[in-house]
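Engineer: Take a look and give me a structure for this.
(one chain, ligands or ions: 2)
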Amino acid sequence: MRNIYLVKFGGNALDGKDGMRQLAQEVSELTAEGYSIVLVHGGGPEISAEMERLGMTPKKVAGVRVTDEAGLEVAEKVLRRINSDLVECLIDAGVKAVGIPGYFCTECVKKAPSKVVVDGKEVTIDLGLVGEVSAVDKQTIFDLLDEKVIPVVYPIGAMAVDDKVQHLNVNADTMAAGIAAGVKCKEMIAITDVPGILRDVHDPLSKIDRVTFKDIDDLLADGTISGGMVPKVEACRKAVNAGAEAVRMVNGRDPESIVKDVIKGSNKGTLIVKE
Ligand SMILES: Nc1ncnc2c1ncn2[C@@H]1O[C@H](COP(=O)(O)OP(=O)(O)O)[C@@H](O)[C@H]1O
Ligand SMILES: [Mg+2]
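Structural biologist: Residues are numbered from 1 along each chain as shown. Ligands and ions are numbered 1, 2, ... in the order given. Now for the predicted structure:
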C-alpha cells in the first residue's frame, strides 16, 4: 500500500488566502519529508454567494446542494477559481501541484433519488445534477505522485450519457472519500470549520473525540448530525471501510499547524472508527 494522505478541506475551513498560504507551507514541508498528499477541496460558501449574486437561490438537502444546469455552471466556475488560487499558493510555496477536476481521475454516476435523514426524519429527494464516485482511475493519481506532483482535485465529476459527457456536482467530502477509497489512502483528514462532531452544534466545547459507526447512526437518527456533517460522516465511514488507518475531522481555523500536526499523529478533532 502506498502511504497516501488524503486531505480534504471545505470552503469555510481556511481563513482566505492566508489560510491557503499556511496550508501550502505545511504541504511543502510534508512533501519535502516524503509524504504523499492528495488534496481535495470544496467551495460551498463561495458557490452559494455567487449564486445569490446572480439572483439564484442556493438549496441544500441534508448538506448536499440541489443542482440544476445553471447551478452546475456556477459551481464549476467558482471551484475552478478556488482551485487555481490554491495551486498558485502551492507553487509559490515551492510545491509541484496540478489542479484537476474530479472527472480527470474518477467516473461518477448521478445520485439516485434517495432517502436521507433531515432533522431526524427520513425524506426522499432528487438532488438533480449531483453525482457520486463509481470508479477511480488510481493510476492517474499514482503517476502524479510518482512525479512528486500533488493532485489538487475540485469536486466536479462526470458520467457518459449516450455519446455525451454530463458533468455532475459532487459534494467535496463524497469526492474525497471516493478517491480515498480508490487509492486506498493511509489516512483521510477532513478539515472543516468546526472542531469535529459536536453534541451541540453551537457549543465548540461539546466535541466528541472518537465516534464509532454505531454512534454515527445514533447521532444521525436523533438529528445531532445535520447539514454538511451528514455527507461528511458518510465520507468518513467510506474511507474507514476502505481500510484507511485513521480518518479524522479537524478545525482548519485552529491556529496551530493543523495538517502537519495531524499527519504526524496529534489527537485533534474527531476520530472516526468502525467500533
Ligand atoms: N453535530 C454536528 N457537529 C458539527 N458540525 C455540525 C453538526 N451538525 C451539523 N453541523 C454543521 O456541519 C458543518 C460542516 O459541514 P459543511 O458546512 O459542509 O463544511 P465543509 O465545507 O467543511 O464541508 C458545520 O459548520 C456545522 O454547521
Ligand atoms: Mg460540506
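Engineer: going forward, measure contacts between C-alpha atoms and count neighbours the same way
Structural biologist: Will do.
Engineer: Tell me the residues on the stretch 51-200 of the chain that lie near ligand 1, please.
Structural biologist: Contact residues, the stretch 51-200 of the chain versus ligand 1 (C-alpha under 6 Å from any ligand atom): 63, 192-194, 196-199.
Engineer: quick one: low-confidence ranges for this structure?
Structural biologist: Counting by pLDDT under 70, the low-confidence segments of the chain come to 1, 117, 256-257.
Engineer: In the stretch 1-150 of the chain, which residue sits nearest ligand 1?
Structural biologist: Nearest residue of the stretch 1-150 of the chain to ligand 1 (C-alpha to the nearest ligand atom) works out as G10 at 3.2 Å.
Engineer: Spit out the contact partners of that residue.
Structural biologist: The neighbours of G10, taking C-alpha atoms under 8 Å, 6 or more residues apart in numbering as the test, are 41-44, 172, 190-193.
Engineer: all helices for the stretch 151-275 of the chain, in order.
Structural biologist: Listed in chain order, the helices of the stretch 151-275 of the chain (DSSP state H, counting those that start in this stretch) span 172-182, 213-221, 229-241, 258-263.
Engineer: Dead centre of this structure: give me the residue that sits there.
Structural biologist: Centroid check for the chain by C-alpha atoms, centre = their mean gives D173 as the closest residue, at 3.1 Å.
Engineer: That one and K232 touch, don't they?
Structural biologist: Yes: if you go by C-alpha atoms under 8 Å, D173 and K232 touch, sitting 5.5 Å apart.
Engineer: what's the overlap in contacts for these two?
Structural biologist: Residues within reach of D173 and of K232 at once, by C-alpha under 8 Å, 6+ apart, are A190.
Engineer: quick one on the thing from earlier: could you identify which of the helices of the stretch 151-275 of the chain is most buried?
Structural biologist: Each of these was scored by mean neighbour count; the highest is helix 172-182, a mean of 27, by mean count of other C-alpha atoms under 10 Å.
Engineer: Helix 229-241 and that one, what's the angle between them?
Structural biologist: Computed with axes from the mean of the first three to the mean of the last three C-alpha atoms, to 10 degrees, the direction of helix 172-182 lies at 10 degrees from that of helix 229-241.
Engineer: mind checking how far helix 172-182 is from the chain centre?
Structural biologist: 7 Å (C-alpha atoms, centre = their mean, to the nearest Å).
Engineer: send the alpha carbons of that helix over as CSV?
Structural biologist: Coordinates of each C-alpha in helix 172-182 appear next as CSV, following Å, rounded to 0.1, in the frame of the first residue of the first chain:
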residue,chain,number,x,y,z
ALA,A,172,-16.5,17.6,-1.8
ASP,A,173,-16.5,15.1,1.1
THR,A,174,-18.1,12.5,-1.2
MET,A,175,-15.4,13.1,-3.8
ALA,A,176,-12.6,12.9,-1.2
ALA,A,177,-13.9,9.6,0.2
GLY,A,178,-14.3,8.2,-3.3
ILE,A,179,-10.7,9.0,-4.2
ALA,A,180,-9.5,7.9,-0.7
ALA,A,181,-11.2,4.5,-1.2
GLY,A,182,-10.0,4.2,-4.8
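Engineer: list the helices and strands it packs on?
Structural biologist: Packing partners of helix 172-182 (3 or more C-alpha pairs under 8 Å, 6 or more residues apart in numbering; DSSP states H and E): strand 4-9, strand 36-41, strand 131-136, strand 187-192, helix 229-241.
Engineer: sorry, back to before: burial measure for the nearest residue to the residue of the stretch 1-150 of the chain closest to ligand 1 once chain neighbours are set aside, as a count.
Structural biologist: Nearest residue to G10, sequence neighbours excluded (C-alpha to C-alpha, 6 or more residues apart in numbering): G42, at 4.8 Å. Residues within reach of G42, counting by other C-alpha atoms under 10 Å, total 28.
Engineer: what residues are up against G42?
Structural biologist: By C-alpha under 8 Å, 6+ apart, G42 lies in contact with 8-11, 79, 154-155, 171-173.
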